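Asks: model this:
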Amino acid sequence: MKKTIKEILALEEGAEVVATGWVRTKRDSKNVVFISVGDGTCFDALQVVVDKEGFADIETIEAMNTGASCQFEGVLQKSLGKNQSVELLAKSCRMFCNADDSYPLQKKHQTFEFLREKLHLRGRTNTFGAVMRVRSILAYAIHRFFQEKGFFYLNTPLVTTSDCEGAGEMFEVTTLNLANPPKTKDGGVDFSKDFFSKRAFLTVSGQLEGESYATAIRNIYTFGPTFRAEKSSTTRHLAEFWMVEPEMAFYDLNDNADLAEEFLKYIFKYVLDNDPRDMEFFDKFILEGVVDTIRHVIEKPFVRMTYTQAIKELEKNNKSFEYPVKWGSDIQTEHERYISETVCKAPVILTDYPKEIKSFYMKANDDGKTVRAMDVLVPRLGEIIGGSEREEDYGKLLAKIREMGLNESEYEWYLDLRKFGSVPHAGFGLGFERAILYLTGMQNIRDVIAYPRFWKSEKK
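Replies: Below you'll find the predicted structure:
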């Protein structure tokens, strides 16, 4: 089996290897050609040294352009270059496919805006190769954390009839002829003729289905794509994104907060420990100090604060905010950052929000005004996790569904969970792409997913 560039760079000098990859750069001197070959398995490339004198495939070397796919056979020797201990003295080469002069990723600066127009190629750049490696390692860390704690991985449906958040920002799924849909007697669309015999949507969350299995096998987590038909073109919004959502039976709000803190510290530490080279790149070229910020989250105890306490702190500084606050206001990013960066100088878990600004499924507090919700705030970003203790009382949940004008029949199964052996339970959600933004220091969420989908985005 051929070794990857990452594996080759870890070998000692004298080893005979076959290296495959793509040409990053080629530098020609009088007697020697230096070719940088990368395959995306690590940040660094392998330097290949070709001695022109007596090299049988020199015509292939001369024709080889940046972007060409190639193979080199040779012996590793000590390298005098930076960031690698060995280089490959080539004995022979093979070019699978050359890249012509129109190849857009030449050795020059390309803006992120330009690279968003080359989604199929941008993974070959240093930045986007590093982003995708961090994304992969973070995904593994998430699974590892929950598996080590005895959680079960649950796959929840992507097509659903329930709106978890009750906001209505959902993509509709249909097989009906939109140009001429079947009609009911009163002139509306007859969804009984649709594939599912009713209206269906892409899911905004796997939480509700997750709760059903938390009340069956205790602790579960979902990790998959979710969808929001939110007409927003900001640097923080996607129409298709990935969510991590654990749900735990017999957990209250404090248990939930404890798990969220342990979870963030674990997955961030795992990335720093297992991908230091890419993180070094982000710290040096994308956002200076990003590694120190992550270490701060790992090492600092999270501060616990209620929404009411936070509002009192924010009101002291209301004149400096774009959106002044009062009790009952929803907290914006500028407020979240102020609390974590200025007031507490540490990650913060805010709890007990006004019931009017939170979802129907959250458990009410005895004060009649607040619910047992929580948001985890981190310096530089603001909210990174949102969660709550869920309402386990049938009567209270039914009243809330009716109060919010939701279709009661669509939540019958969800209400059943409160009739048959209901228990206190809680959970939270982490936006996967938002976590990658935080880890890497990248500024636009469209740059931390391979093929971003967003409002008015062109088809790719």
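
Asks: Just say helix, strand or coil for the residue in the chain sticking out farthest from the centre.
Replies: Distance from the C-alpha centroid of the chain peaks at residue 54, with 50.5 Å (C-alpha atoms, centre = their mean). Put simply, residue 54 is coil when judged by DSSP: H, G, I helix; E, B strand; the rest coil.

Asks: Give me the number of neighbouring residues for residue 122.
Replies: Neighbour count of residue 122, defined by other C-beta atoms under 10 Å: 22. (Each C-beta comes from the backbone N, C-alpha and C, glycine too.)

Asks: Mind pulling up the pLDDT for it?
Replies: pLDDT recorded at residue 122 is 96.

Asks: again, but for residue 233
Replies: At residue 233, pLDDT is 75.

Asks: try residue 438
Replies: pLDDT, residue 438: 97.

Asks: Report the buried residues of stretch 64-76.
Replies: For stretch 64-76, burial by neighbour count (16 or more other C-beta atoms under 10 Å) applies to 64, 66-72, 74, 76.

Asks: go on, stretch 96-113?
Replies: Residues 98-99, 105 are the ones in stretch 96-113 that count as buried (16+ other C-beta under 10 Å).

Asks: next one: it to chain centre, how far?
Replies: Distance, stretch centre to chain centre, for stretch 96-113: 27 Å (C-alpha atoms, centre = their mean, to the nearest Å).

Asks: average pLDDT across that stretch?
Replies: 92.

Asks: switch to numbering from 636
Replies: Got it, the first residue is 636 from now on, which makes the last one we talked about stretch 731-748.

Asks: Now do that stretch: everything it contacts.
Replies: Contact with stretch 731-748 is made by 658-660, 698-706, 749, 753, 756, 759-760, 762, 1079, 1082, as judged by C-beta atoms under 8 Å, 6 or more residues apart in numbering.

Asks: related to what we said a few turns ago, next, the residue farthest from the centre of the chain: phi, psi?
Replies: phi 80, psi 0 (degrees, to the nearest 10).

Asks: go on, the one 10 residues further on?
Replies: Dihedral angles of residue 699 (phi, psi; degrees, to the nearest 10) stand at phi -70, psi 120.

Asks: That one and residue 710, how far apart?
Replies: 20 Å (C-beta to C-beta, to the nearest Å).

Asks: Distance across stretch 1021-1041, terminal residue to terminal residue?
Replies: From its first residue to its last, stretch 1021-1041 covers 22 Å (C-alpha to C-alpha, to the nearest Å).

Asks: ugh, wrong one, stretch 752-764
Replies: For stretch 752-764, the end-to-end distance is 16 Å (C-alpha to C-alpha).

Asks: Buried residues, it. List them.
Replies: 754, 757, 759-760, 762-764.

Asks: Residue 857 belongs to a strand?
Replies: Yes - the assignment for residue 857 (three-state DSSP) places it in a strand.

Asks: now it, nearest residue through space, not along the chain?
Replies: Leaving out its chain neighbours, the residue that sits closest to residue 857 by C-beta to C-beta, 6 or more residues apart in numbering is residue 841, at 3.9 Å.

Asks: same question, residue 891
Replies: residue 1061 (3.9 Å).

Asks: Look at the one you found and give its secondary structure.
Replies: strand.

Asks: for residue 1021, same thing?
Replies: strand.

Asks: Name whatever forms a beta bridge with it.
Replies: For residue 1021, the beta-bridge partners are residue 1010, residue 1064 (DSSP bridges).

Asks: ok, now residue 684?
Replies: Beta-bridge partners recorded for residue 684 (DSSP bridges): residue 669, residue 724.

Asks: ok, residue 690 touching residue 697?
Replies: No - look at residue 690 against residue 697 with C-beta atoms under 8 Å: they stay out of range, at 10.3 Å.

Asks: more neighbours, those two?
Replies: residue 690 (17 against 12).

Asks: what sits against the more buried one?
Replies: Residue 690 touches 696, 725, counting by C-beta under 8 Å, 6+ apart.

Asks: same thing but 10 Å
Replies: 667-668, 696, 725-728 (C-beta atoms under 10 Å, 6 or more residues apart in numbering).

Asks: if you look at those, which of them are in helices?
Replies: Those of the contacts of residue 690 mapping onto helices are residue 696, per DSSP state H.

Asks: Which among the contacts of residue 690 count as buried?
Replies: 668, 696, 725, 728.

Asks: any chance of the residues you listed in a markdown table, with pLDDT too?
Replies: Shown next, in a markdown table, are the buried ones among the contacts of residue 690 (pLDDT from 0 to 100):
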| residue | pLDDT |
| --- | --- |
| 668 | 96 |
| 696 | 96 |
| 725 | 96 |
| 728 | 96 |
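
Asks: Got the phi and psi for residue 672?
Replies: phi -120, psi 130.

Asks: And residue 705, by the same measure?
Replies: Taking degrees, to the nearest 10 as the convention, residue 705 sits at phi -150, psi 170.

Asks: what does residue 932 give?
Replies: phi -70, psi -40.

Asks: swap in residue 1031?
Replies: Per degrees, to the nearest 10, the backbone of residue 1031 is at phi -70, psi -40.

Asks: Who are the contact partners of it?
Replies: Going by C-beta under 10 Å, 6+ apart, residue 1031 touches 998-999, 1053.

Asks: Can you tell me the element residue 836 falls in?
Replies: strand 835-837 (DSSP states H and E).

Asks: Quick one: residues in contact with that strand.
Replies: Taking C-beta under 10 Å, 6+ apart as the rule, strand 835-837 contacts 792-798, 803-810, 826, 829, 860-864, 874-875.

Asks: Can I have the buried ones of these as a PyMOL selection?
Replies: Here is the PyMOL command that picks out the buried ones among those, judged by 16+ other C-beta under 10 Å:
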select buried, resi 795+797+798+805+808+826+829+861+862+863+874+875
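
Asks: So residue 642 sits against residue 676, correct?
Replies: Yes - if you go by C-beta atoms under 10 Å, residue 642 and residue 676 touch, sitting 7.7 Å apart.

Asks: now the helices for this protein?
Replies: Going by DSSP H, the chain shows helices at 640-644, 693-698, 747-750, 761-783, 842-852, 888-909, 911-916, 925-934, 942-950, 968-973, 1029-1038, 1047-1051, 1067-1075.

Asks: what angle do the last one and helix 925-934 make?
Replies: Read that as helix 1067-1075. With axes from the mean of the first three to the mean of the last three C-alpha atoms, to 10 degrees applied, the angle from helix 1067-1075 to helix 925-934 works out at 110 degrees.

Asks: where in the stretch 736-885 of the chain is pLDDT low?
Replies: Scanning the stretch 736-885 of the chain with the threshold set as pLDDT under 70 gives 799-803.

Asks: Just give the number of residues close to residue 972.
Replies: 17.

Asks: nope, residue 1007 is what I was after
Replies: 23.

Asks: Quick check: closest non-adjacent residue to residue 984.
Replies: Per C-beta to C-beta, 6+ apart, closest to residue 984 is residue 892, 4.9 Å.
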